[in-house]
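Enquirer: quick check, what structure comes out for this input:
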Amino acid sequence: MMHQDEEEKRLKVLKEYNILDTMPEEIYDDIAQIASSICNMPVAMISLVDKNRQFFKSHIGVDISETPIENSVCYHAVLSKDEVFEVPDLRMDDRFKTFPLVVNEPHFVSYFGVPLLNTQGIAFGALCVLSKGEVKTISEEQKKSLKKLAKQVIYILELRKKQDELAVYHEQVENYAQEMENFAFTAAHDLRSPLRAINSFLKMIEAKSNPEDEKEKVYFKFVFDSVKRMDKLIVDLLEYAKSNKKIADKEPIDVNQLVTDIFSSLIEDSMVEKPILSVDKLPEVFTSKIAINMIFHNLIDNALKYQKTDNVAAITINCIEDSKFYVFEIIDNGIGIEEEYLELIFQPFKRLHTQAEFLGSGLGLASVKKMVESLGGLISVSSQLGVGSVFTFSIPK
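Expert: Predicted coordinates for the structure are as follows:
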């Protein structure tokens, strides 16, 4: 009999593989069938030895799914630690001659089994071939092939275990991401509430202040700008957190209408000469409305924001397509970006300008990059300092 600690290790291995009592699978049946053919034996089985029984993950040549462990030749193979456990004639062996499957149908006679060992060398089952009704033997070459096939069984079981572990890990990550998103929504709401209160009270105090005092005007402007920046940062943090989640809901979207609406909303309060938007015939796409809206909103907003003083912003949006992707270009005539910073701008909180020059949180382009990638696309930028930039992103059809 197996020692208690070895027994526990074997059962632990079986539990980790999560294979007991699973339905037949073609890949295991194929291996058993190959073993049967190579060894010229009518029966081949993949046996997994549990505490009180042996379960056959595959059984070629017989219709048996399990037997009690006391009638298991494979259990003896597991205990033997032999590379190939051989019983030339089960009928002549005192250990096995009374087994029901030897005495009765299918009248097993010769047995050759290779113990299945995990990566730590713990045996938990066997790949075996058997004869029925007559003594048969297998050659050394056939034994080598049987051992190689047993290694393939282990490889498949290990792969299955890794897939199960990956599935569990993926579920944990999804749950964690959902918890973080819920936290972000709650935190954004809770943080913005006192900011709105501060803003309201500041307006009341400003209304009672001396309108002729220039210093007070400067102070109030500084405080209001700080509140505005904090509110923008909270909103952008929330958008960045949301962009980490794969967007699954898709719908048909008229991109012409979408970019026109975004552009109009962004320039609504502009007091200077109105910016110019040039749009080619853009396609209708089938994708996430939340994602595509966020991408275009950020890129158009940046094109309007990062402009030279007294320059009239001009934005051109094009699209080319192939069999798999739509590729959009957002071309502006803004301040441009130095070549050494072209990759840096897509990193969170990386800003090339002070708040005094251009208001922002440093999260917009990072969110855009994550959202484009979540849709299965790519984004890049080319730019010339003082001339303008071209942002190019793709989304799958």
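
Enquirer: for Ile315, see how far away the closest residue to His297 other than its chain neighbours is.
Expert: Nearest non-adjacent residue to His297, counting by Cβ to Cβ, 6 or more residues apart in numbering: Ile262, 5.2 Å away. Glycine gets a C-beta too; all of them are placed from N, C-alpha and C. Taking Cβ to Cβ, to the nearest Å as the measure, Ile262 falls 11 Å from Ile315.

Enquirer: out of these two, which sits in the busier spot?
Expert: Higher neighbour count among Ile262 and Ile315: Ile315, with 21 against 18, using other Cβ atoms under 10 Å.

Enquirer: list the contacts for the closest residue in space to that one that isn't next to it in sequence?
Expert: Nearest residue to Ile315, sequence neighbours excluded (Cβ to Cβ, 6+ apart): Ala303, at 4.8 Å. Under the criterion of Cβ atoms under 8 Å, 6 or more residues apart in numbering, the contact list for Ala303 reads Ala313, Ile315, Ile330, Asp332, Gly334, Ser389.

Enquirer: nearest to Asp94, of those?
Expert: The shortest approach to Asp94 among the contacts of Ala303 belongs to Ile330, at 84.1 Å (Cβ to Cβ).

Enquirer: circling back to that earlier point, shared neighbours, Ile262 and Ile315?
Expert: Ile300.

Enquirer: run a quick neighbour tally on the nearest residue to Lys274 once chain neighbours are set aside.
Expert: Using Cβ to Cβ, 6+ apart and skipping the chain neighbours, the partner closest in space to Lys274 is Ile267 (6.1 Å). Ile267 has 16 neighbouring residues, counting by other Cβ under 10 Å.

Enquirer: just Asp213 next, same as before
Expert: Asp213: 11 neighbours (other Cβ under 10 Å).

Enquirer: could you do the one 3 residues further on as well?
Expert: Counted with other Cβ under 10 Å, the burial measure for Glu216 works out to 14 neighbours.

Enquirer: go on, Asn182?
Expert: Neighbours of Asn182 (other Cβ under 10 Å): 10.

Enquirer: hmm, which helix or strand of this structure has the shakiest average pLDDT?
Expert: helix 214-243 (a mean of 72; mean pLDDT, DSSP states H and E).

Enquirer: could you point out which element follows it?
Expert: strand 251-254 (DSSP states H and E).

Enquirer: okay, buried residues for that next one please.
Expert: Ile253 (16 or more other Cβ atoms under 10 Å).

Enquirer: partner strands of it and their direction?
Expert: With DSSP bridges as the test, strand 251-254 is paired with strand 284-287 (antiparallel).

Enquirer: quick check: mean pLDDT across the strand it pairs with?
Expert: Strand 284-287 comes out with an average pLDDT of 91.

Enquirer: C-alpha coordinates for whatever helix or strand comes next after it, CSV please?
Expert: Remark: after strand 284-287, the chain's next helix or strand is helix 289-305, criterion DSSP H and E. Coordinates of each C-alpha in helix 289-305 appear next as CSV, following Å, rounded to 0.1, in the frame of the first residue of the first chain:
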residue,chain,number,x,y,z
LYS,A,289,-20.1,54.8,-28.7
ILE,A,290,-18.6,55.6,-25.3
ALA,A,291,-15.1,54.7,-26.6
ILE,A,292,-15.2,56.5,-29.9
ASN,A,293,-16.8,59.6,-28.4
MET,A,294,-14.1,59.8,-25.7
ILE,A,295,-11.3,59.3,-28.3
PHE,A,296,-12.5,62.1,-30.7
HIS,A,297,-13.5,64.4,-27.8
ASN,A,298,-10.0,64.3,-26.3
LEU,A,299,-8.2,64.6,-29.6
ILE,A,300,-10.3,67.5,-30.9
ASP,A,301,-10.2,69.3,-27.5
ASN,A,302,-6.4,69.1,-27.6
ALA,A,303,-6.2,70.3,-31.2
LEU,A,304,-8.3,73.4,-30.1
LYS,A,305,-6.4,73.9,-26.8
